[in-house]
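A.B. asks: predicted model and sequence below, questions to follow.
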Amino acid sequence: MTSIDVSTDDFPAHERLTAWQDFMSDMLAPMELRSDDPSAFAASARVWPVGAAAVARVASASMELHRTARMIRQSDPEVYQLTLAHRGSGGVEQGRRQATLSANELVIWDTSRPLHGWSVSGERPALGAVVVLPRASLPLPAGLVRRLAATRLPGDTVTGRLLIQFVTTLTTSVDDVADAEATRLGRVLADLLAAYIAGLLDARRALPPETREAALLLAIDDFITRRLRDPALSPAGIAASHHISVRYLHKLYAAREDGLTVSATIRLRRLEECHRDLADASGSHRPVHQVAASWGFRSESHFSRLFKETYGVSPSAVRHSRPCAQGQPMGTHRHGRTTPRSER
């Protein structure tokens, strides 16, 4: 999956606002942009396709956007835009509702109704993440989604926190992801957004069963991550915390592509964290058994055996060969991203 970079720096000053308007119209739907100082306007974006959706990291100077009824009659791609504010402020007005945003807040709107939106920058450009998703790809009735359009959406629910984390990760760490993986990420994004909206409206029954299961798995994964250091973390405790049976929990994990059981997932994540700590020179004063215990392993001998089975070397060998330690079991790979100069 290849990202697309767009910047007004590539245009003469008098053409920059128009160029950005053309980009926004192509990415979303025809719209008009306005700026108090068009000659000084600047903006940039990096866009990634993820299946049927697209995600973008956008930085811009202050601006207003308008999508009129006439524009809608001329062209309506029938898509939703979800915006996550990172820096600066902004807002959206649609359907007699208005939402103002600040950092780490969300808003959604659709292209099928007139819209007025704005962003306000300070000494640095306003920065945010944008998700563009076809209406047909979101497994929820459009009428339900419309009930939340142009309202400030909370990020402090379990699903809201997961959605913010997922969108942030997509716009910082998905360079060079294979096309098949990008398609899967797009499906996860749609399921998570649908579950988030349904949860806010207390309308989970409107979700397809597969969407409910996908969102539940994401919540369980997050639960495991946040409690990984707890030696008492177990399938029984995970099931109880999510109001499901242990049998159903195992059924959910049996259907996952990686084929790992709940217990195996917990073990592998703990081993990854131990490997990372052992490879970190700043923690060389900590004994191996202390590192293992800090990530929930009760027995040092059991930990050492599992570690060697997973990585092919002992924990002490990793500690003594840090320059070569990668902190990943065989067959895994992680991606990073640097910050574009236009966002600084």
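C.D. replies: All right, it came through fine. Numbers count the residues shown, from 1 in each chain.

A.B. asks: and the helix or strand harbouring Ala182, what's its mean pLDDT?
C.D. replies: When elements are assigned from DSSP states H and E, Ala182 belongs to helix 179-200. Averaged over helix 179-200, pLDDT sits at 92.

A.B. asks: who does the helix or strand just after that helix touch, helix- and strand-wise?
C.D. replies: Later in the chain than helix 179-200, the nearest helix or strand by DSSP H and E is helix 209-226. With contacts taken as 3 or more CB pairs under 8 Å, 6 or more residues apart in numbering; DSSP states H and E, helix 209-226 sits against helix 158-170, helix 179-200, helix 235-241, helix 246-254, helix 262-278. Where C-beta positions appear, they are placed from N, C-alpha and C, glycine not excepted.

A.B. asks: what's the closest of those helices to Thr83?
C.D. replies: Taking CB to CB, helix 158-170 is the member of the helices and strands packed on helix 209-226 nearest to Thr83, at 9.7 Å.

A.B. asks: what's the angle from the closest one to helix 209-226?
C.D. replies: 80 degrees (axes from the mean of the first three to the mean of the last three CA atoms, to 10 degrees).

A.B. asks: Ala232 belongs to a helix?
C.D. replies: No: with DSSP: H, G, I helix; E, B strand; the rest coil as the criterion, Ala232 is coil rather than part of a helix.

A.B. asks: any chance of the helices and strands packed on helix 209-226 in TSV, with distance to Arg227 too?
C.D. replies: Output for the helices and strands packed on helix 209-226, formatted as TSV (distance: least, CB to CB, whole Å):
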stretch	distance to Arg227
helix 158-170	13
helix 179-200	20
helix 235-241	8
helix 246-254	15
helix 262-278	9
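
A.B. asks: can I get those helices in a markdown table including distance to Leu216 and mean neighbour count?
C.D. replies: Output for the helices and strands packed on helix 209-226, formatted as a markdown table (distance: least, CB to CB, whole Å; neighbours: other CB atoms under 10 Å):
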| stretch | distance to Leu216 | mean neighbour count |
| --- | --- | --- |
| helix 158-170 | 10 | 19 |
| helix 179-200 | 8 | 20 |
| helix 235-241 | 11 | 15 |
| helix 246-254 | 7 | 15 |
| helix 262-278 | 13 | 19 |
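
A.B. asks: nearest to Pro114, out of those?
C.D. replies: Judging the helices and strands packed on helix 209-226 by CB to CB, what sits closest to Pro114 is helix 179-200, at 21.5 Å.

A.B. asks: name the residues that touch the helix holding Ala182?
C.D. replies: 1, 48-53, 55, 82, 108, 131, 133, 137-140, 144-145, 148, 153-154, 157, 159-160, 162-163, 166-167, 170, 174, 177, 204, 206-207, 210-212, 214-215, 218 (CB atoms under 8 Å, 6 or more residues apart in numbering).

A.B. asks: swap in stretch 264-277?
C.D. replies: 221, 224-225, 228, 233, 253, 260, 283, 286, 291-292, 294-297, 303, 306-307, 310-311, 315, 318, 325, 327-329.

A.B. asks: any of these buried? List them.
C.D. replies: Burial by neighbour count, judged by 16 or more other CB atoms under 10 Å, picks out 224, 233, 253, 291-292, 295-297, 303, 306-307, 310-311, 315, 318, 325, 327 from the contacts of stretch 264-277.

A.B. asks: where does this protein dip in pLDDT?
C.D. replies: Scanning the chain for pLDDT under 70 picks out 1, 175-176, 322-344.

A.B. asks: and it, what are its domains?
C.D. replies: Per the record, the chain has its domains at 4-215, 230-331, by automatic domain parsing.

A.B. asks: which one of those domains is the most hemmed in?
C.D. replies: Highest mean neighbour count among the domains of the chain (mean count of other CB atoms under 10 Å): domain 4-215, with a mean of 18.

A.B. asks: end to end, how far does that one reach?
C.D. replies: Taking CA to CA, to the nearest Å, domain 4-215 runs 29 Å from one end to the other.

A.B. asks: now it, how far from the centre of its chain.
C.D. replies: How far domain 4-215 lies from its chain's middle: 12 Å, per CA atoms, centre = their mean, to the nearest Å.

A.B. asks: OK, contacts around Val132?
C.D. replies: Met27, Leu28, Ala53, Ala54, Val55, Ala56, Val79, Tyr80, Gln81.

A.B. asks: in three-state terms, label it for me.
C.D. replies: Under three-state DSSP, Val132 comes out as strand.

A.B. asks: backbone phi and psi for the closest residue to it other than its chain neighbours, please?
C.D. replies: Counting by CB to CB, 6 or more residues apart in numbering, Ala54 is the residue found nearest to Val132 once chain neighbours are left out, at 4.6 Å. Dihedral pair for Ala54: phi -140, psi 140, per degrees, to the nearest 10.

A.B. asks: surely Ala54 and Ala45 touch.
C.D. replies: No: counting by CB atoms under 8 Å, Ala54 does not reach Ala45; the two are 10.4 Å apart.

A.B. asks: helices of the stretch 51-200 of the chain, start to end?
C.D. replies: 69-74, 142-146, 158-170, 179-200 (DSSP state H, counting those that start in this stretch).

A.B. asks: closest to Ser241 out of the ones you listed?
C.D. replies: Closest to Ser241 of the helices of the stretch 51-200 of the chain is helix 158-170 (CB to CB; 10.7 Å).

A.B. asks: who touches the closest one?
C.D. replies: 48, 50, 55, 82, 84, 104, 106, 129, 131, 153-155, 185, 188-189, 192-193, 195-196, 199, 215, 218-219, 222.
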